[in-house]
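Undergrad: any chance you can model this:
(chains A and B)
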Number of protein chains: 2
Amino acid sequence: MRISALAAEAGMPVATVKFYLREGLLHAGTPTSATQAVYDASHVRRLHLVRALLGSAGLSVQQARTIVAVIEAPGDDLYHALGRAVGALPPTPAVPAAAADGGEPFPRARAALESLGQVYDPDFAAVAQLESALASAEAAGLPVDDERLEQYGRHLAALAEFDLDRLPADPASAVEYTVLGTALHEPVLLALRRLAHQDAAVRRLQARPENG
Amino acid sequence: MRISALAAEAGMPVATVKFYLREGLLHAGTPTSATQAVYDASHVRRLHLVRALLGSAGLSVQQARTIVAVIEAPGDDLYHALGRAVGALPPTPAVPAAAADGGEPFPRARAALESLGQVYDPDFAAVAQLESALASAEAAGLPVDDERLEQYGRHLAALAEFDLDRLPADPASAVEYTVLGTALHEPVLLALRRLAHQDAAVRRLQARPENG
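TA: All right, here's what the predicted structure looks like:
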């Protein structure tokens, strides 16, 4: 299809498609003349991905470009490709001060992961994110104790197995699925968590919502 | 204790304590003279709460004031007090267009909650948040299907029961616990989710992290 049909198919203006092409977020079409090219389903799919990353996921063009680069060249090591792609997603935690002087940079996260029996890889961005989240909860007087950690770990492990069961076999699709599943399902999970609390509260507190 | 001792106890400058007093985020101490007052443990606790809300939780002074108002006057209906307090936390979803013309404002969220057998109360802020999250996932081609919804619902219900078991009996403390548990434990949960995925991936993909 031509660029106008591609834009219509993806539901966005031609100017947006051209912007993504210029920014290296969309791969080039197959040239049919000096000024024209044709596009296929892979382009439609990429447009949906890029729109989600720059839109609701709130990524910068540079962060989206990092993810697109991993999708285009995932390499032989899918585990590290997934880590690189997810690491490009927000939030970007500050590197803790202890890292500079050679001390253990993520003491709380390390202890938590060891207690859960999970892999500890300080290069994985979520380790710094966990350290920062645990430190904030501690400072506010609501630290994550062992029992809560065990609960979180157990239920999230079950959800992770569910997600990994659905991981596409093709590496590029696997990276795409992981990135979108992280960026777009996290807000779903948080909203559902608040609603699960509400549902438990309404039953325990014997109240009735006025509009239920 | 005097204001200087209060500030030292909470680990913040006296100027910050005075700022919180002026902004109505910290309740007044008991006056001992025309220019002095004494503070107690309730003030230390409040300072930790306000610092967490304005700091890592990223609230505005106005949002924090809403939460403090609920803590100071939770009223007789704890269920609605908790809803008001959690509703003041980010994210603040846009009201969908359908709400204005009288249509069902949250069709996806309503269907999801009905399918989970959970209470549906459109005045609860997380309903709009869920609608927006489900719509974004759908637009990106990774909709939350029934099986995923059932998995999320089941595990989050278990975690909600765990949290509600620990809800303090005193209404003001219950509001505080719920607000901090939402604002500070959500980032912990998300970081642990990414790490649970990593742990599942490292085992399934047969790779070894270089620094594990």
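Undergrad: I figured residue A:176 was touching residue A:71, is that so?
TA: Yes: in this structure, residue A:176 sits in contact with residue A:71. The criterion is Cβ atoms under 8 Å, and the distance is 5.8 Å. Every residue, glycine included, has its C-beta placed from N, CA and C.
Undergrad: pLDDT weak spots in chain A?
TA: Along chain A, the model assigns pLDDT under 70 to residues A:94-102, A:206-212.
Undergrad: any idea which residue sits dead centre in chain A?
TA: Relative to the mean C-alpha position of chain A, the nearest C-alpha, by Cα atoms, centre = their mean, is the one of residue A:182, at 3.0 Å.
Undergrad: before we move on, what SS does that one have?
TA: Three-state secondary structure (criterion: DSSP: H, G, I helix; E, B strand; the rest coil) places residue A:182 in helix.
Undergrad: how close does it sit to residue A:142?
TA: Taken as Cβ to Cβ, to the nearest Å, the spacing of residue A:182 relative to residue A:142 amounts to 25 Å.
Undergrad: just the C-alphas of stretch A:155-167, formatted as PDB.
TA: Output of stretch A:155-167 as PDB, limited to C-alpha atoms (Å, rounded to 0.1, in the frame of the first residue of the first chain):
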ATOM      1  CA  HIS A 155       1.500 -13.400  43.200                       C
ATOM      2  CA  LEU A 156       3.700 -11.500  40.800                       C
ATOM      3  CA  ALA A 157       5.600 -14.700  40.000                       C
ATOM      4  CA  ALA A 158       2.300 -16.400  39.000                       C
ATOM      5  CA  LEU A 159       1.400 -13.400  36.800                       C
ATOM      6  CA  ALA A 160       4.900 -13.500  35.200                       C
ATOM      7  CA  GLU A 161       4.500 -17.200  34.400                       C
ATOM      8  CA  PHE A 162       1.200 -16.300  32.700                       C
ATOM      9  CA  ASP A 163       2.800 -13.600  30.700                       C
ATOM     10  CA  LEU A 164       5.800 -15.700  29.700                       C
ATOM     11  CA  ASP A 165       3.500 -18.500  28.500                       C
ATOM     12  CA  ARG A 166       2.300 -16.100  25.900                       C
ATOM     13  CA  LEU A 167       5.700 -14.800  24.800                       C
END
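Undergrad: identify all contacting residues around it.
TA: In this structure, residues lying in contact with stretch A:155-167 by Cβ atoms under 8 Å, 6 or more residues apart in numbering or on different chains are A:174, A:177-178, A:181, B:148, B:151-152, B:155-156, B:158-159, B:189, B:192-193, B:196-197, B:199-201, B:204.
Undergrad: try 6 Å
TA: A:174, B:151, B:155, B:158, B:159, B:192, B:193, B:196, B:197, B:200, B:204 (Cβ atoms under 6 Å, 6 or more residues apart in numbering or on different chains).
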